[in-house]
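S.K.: Sequence first, then the predicted structure, then my questions.
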Amino acid sequence: MNLILIAVISLGAIALVLAAILYVASKKFAVYEDPRIAQVGEVLPQANCGGCGYPGCSGFADACVKAGSLDGKFCPVGGQPVMAKVADILGLAAGEAEPMVAVVRCNGTCANRPRTNQYDGAKSCAIAASLYGGETGCSYGCLGCGDCVAACQFDAIRMNPETGIPEVDEAKCTACGACVKACPKAIIEIRPQGKKSRRVYVSCVNKDKGAVARKACTVSCIGCGKCVKTCPFEAITLENNLAYIDPNKCKSCRKCEEVCPQGTIIALNFPPRKPKTEEAPAAPKAAVAPKETAEAPKEKTEAPKVTE
């Protein structure tokens, strides 16, 4: 009986000592978390897409609270309404962010880019890209396996069965960048959506020389440089036989589209151009007949009468 009592007392004493140690440790090493982090996390869409540049919505909420400013922070999924709620919670001003959208910079459709072989393997762009250049003569273009479609959480991109090129639904796209990361050929780019969804871009990423690029695809950029010379805003650069339009400098004048001999430059969602009215050639001026100088009639001078 005494042994049992001693054991119980000993275990109780050990438990009390350990409890005291745990209490002291919890107080000493306690990590304080701002309650606003949880509040911000509740208004976020919890997509955890990483489009904001942080590891998930919890990481974005933590960064917003600790930064003390919302400059440079934007949730592409929730957009401006969500950022307004975050600003209200933190008592900060939500900056206006320009809407962005994913743009597929490849127009190598089945008609423009004929096949030279057939891929018979795993239907994955990543796997196909690691094996060879693709089914066409262009080793830079879309492989058509749909990795971007599988990566999109918002059903904003689909493969067009007729063209073999992915198409982006602007109404659903959140510019999270998942499709950009999934594309091994880097043909998808996040660009400003533009006013009224109008934008001008080079729909090609082929860096081959002109003759080689034209042979592989009828609408490829051949690096002629006409667009660079035409642009009045210096928004176009030419590097490695490929033109690129800077969306921050482009004023959507569409002069580059007019001079592009390959039709590589796409002007999206613009109204149709007005047909140019050819000026009628000016009618030749009628020859002015020389004025006839009427001779003044000679006055007849009468001979003076002789009076006898």
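M.R.: Arrived safely. None of the values given here were measured: they were computed from a predicted structure. Numbering: from 1, shown residues only.
S.K.: How about Cys110, nearest residue that isn't a chain neighbour?
M.R.: Gly164 (5.2 Å; Cβ to Cβ, 6 or more residues apart in numbering). Yep, even glycine has a C-beta here, placed from its N, CA and C like the rest.
S.K.: Next one: Ile188 from Ala102, what distance?
M.R.: Per Cβ to Cβ, to the nearest Å, Ile188 is found 6 Å from Ala102.
S.K.: what sits in contact with each of the two?
M.R.: Common contacts of Ile188 and Ala102 (Cβ atoms under 8 Å, 6 or more residues apart in numbering): Cys179, Val180.
S.K.: What residue spans form the domains of this structure?
M.R.: Domain assignment of the chain by automatic domain parsing yields the ranges 35-90, 99-193, 196-270.
S.K.: burial of Asp208, as a residue count?
M.R.: Neighbour count of Asp208, defined by other Cβ atoms under 10 Å: 22.
S.K.: That one: what's it in contact with?
M.R.: Asp208 sits in contact with Cys138, Tyr140, Ala216, Ser220, Asn241, where contact means Cβ under 8 Å, 6+ apart.
S.K.: from what I can see Cys217 touches Cys110, true?
M.R.: No - at 11.1 Å, Cys217 does not count as touching Cys110 under the criterion of Cβ atoms under 8 Å.
S.K.: Name the residue in those two with the higher neighbour count.
M.R.: In terms of neighbours (other Cβ under 10 Å), Cys217 is the more surrounded of Cys217 and Cys110; the figures are 25 against 15.
S.K.: what's in contact with whichever strand or helix holds Ala87?
M.R.: Here Ala87, judged by DSSP states H and E, is contained in helix 79-90. Contact with helix 79-90 is made by 36, 39-40, 43-45, 64-65, 70, 73-75, 93-94, 96-97, 99, 174, as judged by Cβ under 8 Å, 6+ apart.
S.K.: again with stretch 22-39
M.R.: Here stretch 22-39 has contacts from Ser58, Ala61, Asp62, Val65, Lys66, Ile89, Leu90, using Cβ under 8 Å, 6+ apart.
S.K.: Just the buried residues of these.
M.R.: Using 16 or more other Cβ atoms under 10 Å as the burial test, the contacts of stretch 22-39 include Ser58, Ala61, Asp62, Val65, Ile89, Leu90 as buried.
S.K.: Pick the one among these closest to Asn117.
M.R.: Using Cβ to Cβ, Ser58 comes nearest to Asn117 of those, at 46.6 Å.
S.K.: Grab the nearest non-local neighbour of the closest one.
M.R.: Looking at Ser58 with Cβ to Cβ, 6+ apart, the closest residue is Gly41, at 5.7 Å.
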